[in-house]
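J.: Quick one: sequence and predicted model below, then my questions.
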Amino acid sequence: MTVTLQETAPVLEVRAVTKTYGTGDTAVRALRGVSLTVRHGDYVAIMGASGSGKSTLMNILGCLDIPTDGTYHVDGTDVGVLDERQLSILRNRKIGFVFQSFNLIPRMSALANVELPLAYGGVGAAVRRRRALAALDQVGLSDRVHHEPNELSGGQQQRVAIARALVTAPSLLLADEPTGNLDTASTTEVLRIMDGLNASGRTIVLITHEDDVASHAKRVVRLVDGQVVEDRRQAEVEDPPPRHFEQAGYFGDEPGHPGGGAGR
Ligand code: ADP
Ligand code: MG
């Protein structure tokens with residue numbers, strides 16, 4: 001996967017998407033006509049109060065659920081025409097997920113957790129290991145690769161989850177309240193990593209209800225009752241990304257970052 005797609009299709013294109021749960025009197029219209037285009041290299045915070053439809057939208061963006069109506073394209077592919085198997089391939093190749101609850105597998109090392117999406121993708125053992133180590137290096141955890149989740153702090157666990165999301169070199173990093181379970185120091189660390197990843201060209205969509213978190217993004221989309229009520233660009237964060245993003249060369253298949261060779 002290279003970024004030659006950059007000038008063609010947007011990473012995400014959501015058109016007039018609705019989502020209704022249930023039917024009749026008990027139907028809940030969680031999304032009521034959402035349209036959203038996200039291009040390569042963008043950093044978008046989706047904000048809204050509890051119940052406004054953020055997780056519903058995330059599930060659709062992540063191809064974990066399908067809209068009731070409307071269309072959704074990922075890298076130019078119409079998600080609506082794919083069967084379950086094709087959807088799971090698309091998810092594995094194109095989307096890296098980060099959840100509030102980390103979702104790491106207990107009693108498996110950080111390294112094994114990060115290797116998992118590559119194992120599902122059929123990548124051989126040696127390449128898997130090399131890429132997982134590079135991803136863990138990207139999040140500053142080279143000295144914790146053999147630790148299991150319960151031997152890591154919350155912030156470190158979320159960094160492992162970010163490495164796992166990155167290891168397939170996805171088109172999109174999709175994070176639902178990634179700092180929701182973290183203390184202030186860990187939140188800062190995780191956001192610095194996200195900022196650095198975006199500075200290296202990653203496209204990020206982050207869902208949050210916190211202004212402090214959203215202030216890291218380049219663009220803020222606000223949902224109220226399942227509709228976009230605001231979509232604005234904001235000034236960039238002043239903090240430079242941590243040094244290791246410039247050095248690691250993990251993003252070897254992207255312009256301006258030669259020599260990394262993430263391998264395939
Ligand atoms: P947020 O993540 O912003 O809190 P959600 O997307 O989780 O919002 O929920 C939007 C609305 O849809 C809420 O009214 C919620 O109760 C409802 N909802 C979410 N998931 C389901 C579901 N699986 N079945 C029925 N209603 C749901
Ligand atoms: Mg939610």
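T.: Arrived safely, thanks for sending. Ligands and ions are numbered 1, 2, ... in the order given.
J.: show me the contacts for whatever residue of the chain ends up closest to ligand 2.
T.: Closest to ligand 2 within the chain is S55: 3.2 Å, counting by Cβ to the ion. Just so you know, the C-beta spots here come from the backbone N, C-alpha and C atoms, and that holds for glycine as well. By Cβ atoms under 8 Å, 6 or more residues apart in numbering, S55 lies in contact with 176, 207.
J.: Would you map the strands across the stretch 51-200 of the chain?
T.: 69-74, 77-78, 95-99, 172-176 (DSSP state E, counting those that start in this stretch).
J.: Rounded mean pLDDT for the longest helix seen in the chain, please.
T.: For the chain, the helix that runs over the most residues, judged by DSSP state H, is helix 184-199. Regarding helix 184-199, the rounded mean pLDDT is 95.
J.: Which neighbouring elements make contact with that helix?
T.: If contacts are counted by 3 or more Cβ pairs under 8 Å, 6 or more residues apart in numbering; DSSP states H and E, helix 184-199 sits against strand 43-47, helix 154-166, strand 172-176, strand 203-208, helix 211-214, helix 244-247.
J.: Take those and lay them out in JSON lines including mean neighbour count and mean pLDDT.
T.: Listed next are those as JSON lines, based on neighbours: other Cβ atoms under 10 Å; pLDDT from 0 to 100:
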{"stretch": "strand 43-47", "mean neighbour count": "24", "mean pLDDT": "97"}
{"stretch": "helix 154-166", "mean neighbour count": "25", "mean pLDDT": "96"}
{"stretch": "strand 172-176", "mean neighbour count": "24", "mean pLDDT": "96"}
{"stretch": "strand 203-208", "mean neighbour count": "24", "mean pLDDT": "97"}
{"stretch": "helix 211-214", "mean neighbour count": "16", "mean pLDDT": "95"}
{"stretch": "helix 244-247", "mean neighbour count": "15", "mean pLDDT": "50"}
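J.: thinking A119 is in contact with R131, fair?
T.: No. Contact criterion Cβ atoms under 8 Å: A119 and R131 do not qualify, at 11.2 Å.
J.: Looking at these two, which is more packed in?
T.: Neighbour totals were compared for A119 and R131, and R131 leads with 25 against 13 (other Cβ atoms under 10 Å).
J.: distance of the more buried one from A217?
T.: Using Cβ to Cβ, to the nearest Å, R131 is found at 27 Å from A217.
J.: Check V190 too.
T.: Distance from V190 to A217, by Cβ to Cβ: 14 Å.
J.: export the strands of the stretch 51-200 of the chain to TSV and tack on distance to ligand 2?
T.: Putting those into TSV (distance: least, Cβ to the ion, whole Å) gives the following:
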stretch	distance to ligand 2
strand 69-74	19
strand 77-78	26
strand 95-99	10
strand 172-176	6
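J.: how about CSV for the ones you listed, with distance to ligand 1 added?
T.: CSV is the format used below for the strands of the stretch 51-200 of the chain (distance: least, Cβ to the nearest ligand atom, whole Å):
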stretch, distance to ligand 1
strand 69-74, 15
strand 77-78, 23
strand 95-99, 12
strand 172-176, 8
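J.: now those strands in TSV, with distance to A27?
T.: Converted to TSV, these look like this (distance: least, Cβ to Cβ, whole Å):
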stretch	distance to A27
strand 69-74	13
strand 77-78	26
strand 95-99	27
strand 172-176	24
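J.: and the protein, which residues reach ligand 1?
T.: 21-22, 28, 30, 48, 50-56 (Cβ under 6 Å from any ligand atom).
J.: Of all pairs in these, which one is the farthest apart?
T.: G22 and G48 (20.7 Å; Cβ to Cβ).
J.: higher neighbour count, the two?
T.: A count of neighbours by other Cβ under 10 Å puts G48 above the other of G22 and G48, at 23 against 9.
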